[in-house]
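Trainee: Got a predicted model here, sequence first, then my questions.
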Amino acid sequence: MTAELLIETLKRSGARMTVNGDRLKIDAPQGLLTPELKEELVARKSELIHLLTSSTPGIRDGALVIPLDTSPKYRWWQGGQPIVETLADLSAPPEIWRQYAAFNEDLISEDHSRHCQGKVKTVGQIIYCLECRYFGLITEDIQ
């Protein structure tokens, strides 16, 4: 289990995790911390502390990670920039885009660019539209 998944699992189960220096404290409902889970927590302690104290968004272990204390710019759920902008800022790979935006094979067309008034942007092999919240993959050179 990844450190991110451990944090998510514990939070969903009602546990609270805090860090004080190099100490990780977990307040969890009785019976939640099984011997196996405790072993996993010990093995991933330094990763967990890093993730819990880091406020830098990023792609880690195939997942988009946006810490709650990160810049408000990245908190789309609280009125920050659209998630497609965050994905572009982080140079997220296509598999991450597929988790958060709708794939549209026709996005590259000129008609779409005119329809959305130039709000189509490219990042590497990904083209995305701020208007429609769609993304597509560039499979050929576009002029």
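Mentor: Okay, I see it.
Trainee: okay, which residue is most central for the chain?
Mentor: Nearest to the mean C-alpha position of the chain, by CA atoms, centre = their mean, lies residue 64 at 1.7 Å.
Trainee: before we move on, which element is that residue in?
Mentor: For residue 64, the enclosing helix or strand under DSSP states H and E is strand 63-65.
Trainee: same deal with residue 127?
Mentor: Residue-wise, residue 127 maps onto strand 126-129 under DSSP H and E.
Trainee: That strand: partners in the sheet, and parallel or antiparallel?
Mentor: strand 120-123 (antiparallel), strand 134-137 (antiparallel) (DSSP bridges).
Trainee: Helices of the chain, residue ranges please.
Mentor: Secondary structure of the chain, counting by DSSP state H: helices at 3-12, 35-43, 45-53, 83-89, 94-100, 110-115.
Trainee: May I see those helices organised as JSON lines, with mean pLDDT and mean neighbour count added?
Mentor: Quick note: C-beta positions are derived from backbone N, CA and C, even for glycine. Output for those, formatted as JSON lines (pLDDT from 0 to 100; neighbours: other CB atoms under 10 Å):
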{"stretch": "helix 3-12", "mean pLDDT": "85", "mean neighbour count": "16"}
{"stretch": "helix 35-43", "mean pLDDT": "94", "mean neighbour count": "13"}
{"stretch": "helix 45-53", "mean pLDDT": "87", "mean neighbour count": "15"}
{"stretch": "helix 83-89", "mean pLDDT": "82", "mean neighbour count": "19"}
{"stretch": "helix 94-100", "mean pLDDT": "80", "mean neighbour count": "15"}
{"stretch": "helix 110-115", "mean pLDDT": "60", "mean neighbour count": "12"}
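Trainee: Identify whichever of those helices lies nearest to residue 59.
Mentor: When these are compared by CB to CB, helix 94-100 sits nearest residue 59, at 5.8 Å.
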